[in-house]
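S.K.: I need the structure of the sequence given here:
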Amino acid sequence: MFKNHPKGLLLAALSNMGERFGYYIMNAVLVLFLCSKFGLSDETSGVIYSFFYAGIYVLSLVGGIIADRTQNYKGTIMTGLVVMALGYVILSVPVMATSNNVSWLLPLTCLALFFIAFGNGLFKGNLQAIVGQMYDNFEAEAAKKGEEALRIAKGQRDSGFQIFYVFINIGGLVAPFVAPMLRSWWLQVNNLSYDASLPALCHQYINNGAALSADALNNLGELVTKVGGQTGGDLTAFCSHYLNIFNTGIHYSFIASVVAMLISLVIFISSRNIFPTPGKKEAVKAEEYTEEEKREMATEIKQRMFALFAVLGIAVFFWFSFHQNGMSLSLFARDFVVTDTIAPEIWQAVNPFFVIALTPVIMWIFGSLTRAGRAISTPRKIAYGMGIAGLAYLFLAIYSMMQGYPSAEEFKMMGDTAKATMKAGPWVLIVVYFFLTVAELFISPLGLSFVSKVAPKHLQGLCQGLWLGATAVGNLLLWIGPLMYNKWPIWMCWSVFLVVCLISMGVMFGMVKWLERVTK
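M.R.: Below you'll find the predicted structure:
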């Protein structure tokens, strides 16, 4: 797999695995954790989630600027890993949320999320810039051997970023199992068991038990008995106890994220001499250019930056749709899917599993087409990816309409028996994640490859940050998903994402020929 690729590609991917581990821990648990820890609504948790994930990517612009100006990419990356670890350390401390401490505990949690986002911004784009520089150097060496060697080397960049992407997702495959495993273990230690719907009812009872309806009280009593409690005792005390145990198990999963960050730091430090420094050689050569050459370079840079921003505009809408996997799709797994044996968070492992399983297949397809003289350009692949993402939401919209699903708020008010007869089997989420992952493989690693192709050599960190900044803008819109999910029949919610994907695909196809000319 690594034949005809730069030395250091695997080590760069392994250095990124810790970040992916922490990312998928947060992707799996953050919205559900904020709801169970602080009793926040889906919408409020969704807003915090949106700003956190936007922060991860928009701060990559800051990280890129810092690395480009200081030319200290490696030091910036190592600092990022340390700052991320600090954020996870704060989150790993199990302090029970009460009415007396929530005024400082929730802000402290948000501060920890900021540390994780800022550390990620220092780390993520700059490591991707280093991978891009590997291929710049790789192609420069191939050019010395002739045009045919250069042509082969240029054809390796897309597959190289796909290899990088599949290996970093190994951390993402493991992470979603950690939080449910530790939570279930800690519940069992305390002679309790897991139930996804109980934390919300516990918070309602603690905050205003007198306002609960008779059906809600009966439901709470049944769930208390189901998880190992006694309905004859003090329900307020039991609810507080259950929430404390439930959330402490999740806090322990953040310790695993700290360990993952430290492992990545050790791998990067031990390998840093192998990695190149983006932009360094070009900065030295800049003084040798004539005025005419500088004008020609300026024109070319403008064309490349226009192309970059055009693709970034499409990326915004892809990530708005795709990152619902940690937002409205996680809520869908909690509410509408049978989770007696599989916790909602574990479904986040399906995406990295498909990344690992499907990447070799897609690489083989693309390679076969290239060898047959029918290579698909990177911009065209991105357009296809938007259409494939649309298929995921088309399937989910049709399924939800056929099942007659109401809004999530209406569904949660129904009796347990009625809800049980309507809940979907796990296969529904597997189908959705299959299409979303194929779309991701057409867009995310190839988007990184596209950026590395068009980015001016002295702005690689910034341009990778811009790609991540587009992701940030998409993430800022994520809160819209839970809003639609809770208020509308959910087939309408999925239809909105379908329309967004189809429009984006059409716009991308309209720009393909221009983008292909710019990236030649």
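
S.K.: Which helix or which strand is home to the residue lying closest to Leu40 once chain neighbours are set aside?
M.R.: Excluding the flanking residues, the one nearest Leu40 by C-beta to C-beta, 6 or more residues apart in numbering is Leu34, at 5.0 Å. Bear in mind the C-beta positions are built from the backbone N, C-alpha and C, glycine included. Element membership of Leu34, judged by DSSP states H and E, is helix 9-38.

S.K.: if you average pLDDT over that helix, what comes out?
M.R.: In this model, helix 9-38 carries a mean pLDDT of 89.

S.K.: following that helix, which helix or strand shows up next?
M.R.: helix 42-70.

S.K.: after the lengthiest helix in the chain, next one along is what?
M.R.: Criterion DSSP state H: the longest helix present in the chain is helix 102-143. Where DSSP H and E defines the elements, the next helix or strand beyond helix 102-143 is helix 147-154.

S.K.: What are the buried residues along that next one?
M.R.: Within helix 147-154, the residues that count as buried by 16 or more other C-beta atoms under 10 Å are 150, 153.

S.K.: For that helix, name the packing helices and strands.
M.R.: Helices and strands touching helix 147-154, by 3 or more C-beta pairs under 8 Å, 6 or more residues apart in numbering; DSSP states H and E, are helix 102-143.

S.K.: quick check: angle from the helix it packs on to helix 42-70?
M.R.: Helix 102-143 and helix 42-70 are oriented at 40 degrees to each other (axes from the mean of the first three to the mean of the last three C-alpha atoms, to 10 degrees).

S.K.: about what we covered before: need the contact list for the residue nearest to Leu40.
M.R.: Contact partners of Leu34, counting by C-beta atoms under 8 Å, 6 or more residues apart in numbering, are 40, 44-45, 48-49, 109.

S.K.: do the same with Leu106
M.R.: 38, 97.

S.K.: what do you get for Met261?
M.R.: 18-19, 22, 81-82, 84-85, 88.

S.K.: Now which of those would you call buried?
M.R.: 18-19, 22, 81, 84-85, 88.

S.K.: Which one of those is nearest to Leu448?
M.R.: Using C-beta to C-beta, Glu19 comes nearest to Leu448 of those, at 14.4 Å.

S.K.: Lowest-scoring secondary structure element of this protein by mean pLDDT?
M.R.: helix 280-285 (a mean of 44; mean pLDDT, DSSP states H and E).

S.K.: next helix or strand past that one?
M.R.: Downstream of helix 280-285 (by DSSP H and E), the next one is helix 291-322.

S.K.: Run the chain-centre distance for that next one.
M.R.: With C-alpha atoms, centre = their mean, to the nearest Å as the basis, helix 291-322 stands 23 Å off its chain's centre.

S.K.: buried stuff in that helix?
M.R.: 301, 304-305, 307-308, 310-312, 314-322.

S.K.: which stretches of this protein aren't confidently modelled?
M.R.: 1-2, 279-290, 293-294, 296-297, 339-341, 458, 461 (pLDDT under 70).

S.K.: Can I get the contacts of Leu34 in TSV including distance to Ser92?
M.R.: Formatted as TSV, the contacts of Leu34 follow (distance: C-beta to C-beta, whole Å):
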residue	distance to Ser92
Leu40	20
Thr44	23
Ser45	20
Ile48	18
Tyr49	19
Thr109	12
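
S.K.: Buried subset of those residues as a PyMOL selection?
M.R.: Only the buried entries of those go into this PyMOL selection, using 16+ other C-beta under 10 Å:
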select buried, resi 40+44+45+48+49+109
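
S.K.: Closest to Asn169 out of the contacts of Leu34?
M.R.: When these are compared against Asn169 (criterion: C-beta to C-beta), the nearest one is Tyr49, at 20.6 Å.

S.K.: Wait, that closest one touches Val31, no?
M.R.: Yes. At 5.0 Å, Tyr49 counts as touching Val31 under the criterion of C-beta atoms under 8 Å.

S.K.: For those two, list the residues in contact with both.
M.R.: What both Tyr49 and Val31 touch, as defined by C-beta under 8 Å, 6+ apart, is the set 326-327.

S.K.: The longest helix of the chain versus helix 9-38: what angle between them?
M.R.: Going by the same axes, to 10 degrees, helix 102-143 makes 170 degrees with helix 9-38.

S.K.: tell me the angle helix 102-143 makes with helix 147-154.
M.R.: Using the same axes, to 10 degrees: helix 102-143 against helix 147-154 is 170 degrees.

S.K.: for helix 102-143, the distance to its chain's centre please.
M.R.: For helix 102-143, the distance to the chain centre is 13 Å (C-alpha atoms, centre = their mean).

S.K.: residues in contact with the nearest residue to Ala112 once chain neighbours are set aside?
M.R.: Distances taken as C-beta to C-beta, 6+ apart place Ile90 nearest to Ala112, at 3.8 Å, with adjacent residues excluded. When contacts are counted by C-beta under 8 Å, 6+ apart, Ile90 is found next to 108-109, 111-112, 115.

S.K.: can you tell me which helix or strand Ile90 belongs to?
M.R.: Residue-wise, Ile90 maps onto helix 73-91 under DSSP H and E.

S.K.: got the CA positions of that helix in CSV?
M.R.: Below are the C-alpha coordinates for helix 73-91, written out as CSV (Å, rounded to 0.1, in the frame of the first residue of the first chain):
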residue,chain,number,x,y,z
TYR,A,73,5.1,23.7,11.8
LYS,A,74,6.5,20.9,14.0
GLY,A,75,6.6,23.0,17.2
THR,A,76,3.0,24.3,16.5
ILE,A,77,1.8,20.7,16.0
MET,A,78,3.4,19.5,19.3
THR,A,79,1.9,22.5,21.2
GLY,A,80,-1.5,21.6,19.8
LEU,A,81,-1.3,18.0,21.1
VAL,A,82,-0.4,19.3,24.6
VAL,A,83,-3.2,21.9,24.6
MET,A,84,-5.8,19.2,23.5
ALA,A,85,-4.6,16.9,26.3
LEU,A,86,-5.1,19.7,28.8
GLY,A,87,-8.7,20.1,27.7
TYR,A,88,-9.4,16.4,28.1
VAL,A,89,-7.8,16.4,31.5
ILE,A,90,-10.3,19.0,32.7
LEU,A,91,-13.2,17.0,31.3
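
S.K.: ok, and what's touching stretch 376-386?
M.R.: 158, 311, 314, 317-318, 366, 369, 438-443, 446-447, 449-450, 453, 501-502, 504-505, 508-509, 511-512, 515-516, 519.
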